[in-house]
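Student: Quick check, what structure comes out for this input:
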Amino acid sequence: MTYDTVIATLRPLLAAEVRAELPASADEAGDLEQTVWLRLLERLGADGPPPDPAAWLTATVRSEARRRRGTTRREMPYATEPAADTTETDPEHRTLARERTRALHAAVRRLPGRCPRLIGALLSPKDLTYREIAGELGMSQGSLGPERSRCLGCLRRIMAAEVAPPVRRGKG
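Tutor: Numbering: from 1, shown residues only. Here you go, the predicted structure:
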């Protein structure tokens with residue numbers, strides 16, 4: 001059985017399994033499907049196709065949905081908003097904050113690929129949700145997190161190159 005045949009036979013079963021698990025999950029169907037396809041690709045790369053693809057797919061959908069439900073239960077909203085900073089009225093602090101913001105936006109513009117648009121959407125004053133950002137950028141909500149992590153890593157490297165390294169004290 002070729003990989004294409006395995007994928008073609010599993011696609012309708014995957015859609016049915018995801019629809020069955022979706023009501024109990026706090027997830028979107030596309031995100032859960034994408035995760036299961038990723039698990040299949042990992043499996044194909046490591047061990048080859050599963051001996052019973054349908055049973056493997058059913059078990060994987062259920063375990064991924066269960067894992068995501070557990071994650072959702074552990075996520076808690078912030079109890080309160082942080083207190084307002086009194087330094088916001090100080091002209092020196094406002095000037096420094098504007099300079100930091102300018103430097104950040106300049107670094108974001110130098111990011112590769114779709115990173116400038118993604119980070120720009122995350123920094124937007126509109127406070128967009130992941131779903132809105134994914135729709136605006138034309139990508140799945142499930143791939144937004146990994147892409148964001150990669151972009152933030154690039155941004156971190158750019159910003160670190162512009163900031164002087166900390167001075168070490170003591171034995172060096």
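Student: In space, not sequence, find me the middle residue of the chain.
Tutor: Gly145 (0.5 Å; Cα atoms, centre = their mean).
Student: what's the pLDDT at that residue?
Tutor: Per-residue pLDDT puts Gly145 at 89.
Student: Please parse the protein into its domains.
Tutor: 3-72, 91-162 (automatic domain parsing).
Student: average pLDDT across the first one?
Tutor: For domain 3-72, mean pLDDT rounds to 82.
Student: for the residue nearest to the centre of the chain, what are its contacts?
Tutor: Residues in contact with Gly145, defined by Cβ atoms under 8 Å, 6 or more residues apart in numbering, are Tyr130. Using the backbone N, CA and C atoms, a C-beta is placed for each residue, glycine as well.
Student: and the gap between it and Leu96?
Tutor: For Gly145, the distance to Leu96 equals 31 Å [Cβ to Cβ, to the nearest Å].
Student: do Arg131 as well
Tutor: Using Cβ to Cβ, one obtains 34 Å as the distance from Arg131 to Leu96.
Student: before we move on, what about Ala55?
Tutor: Using Cβ to Cβ, we find Ala55 at a distance of 60 Å from Leu96.
Student: again with Gln141
Tutor: Taking Cβ to Cβ as the measure, Gln141 and Leu96 are separated by 36 Å.
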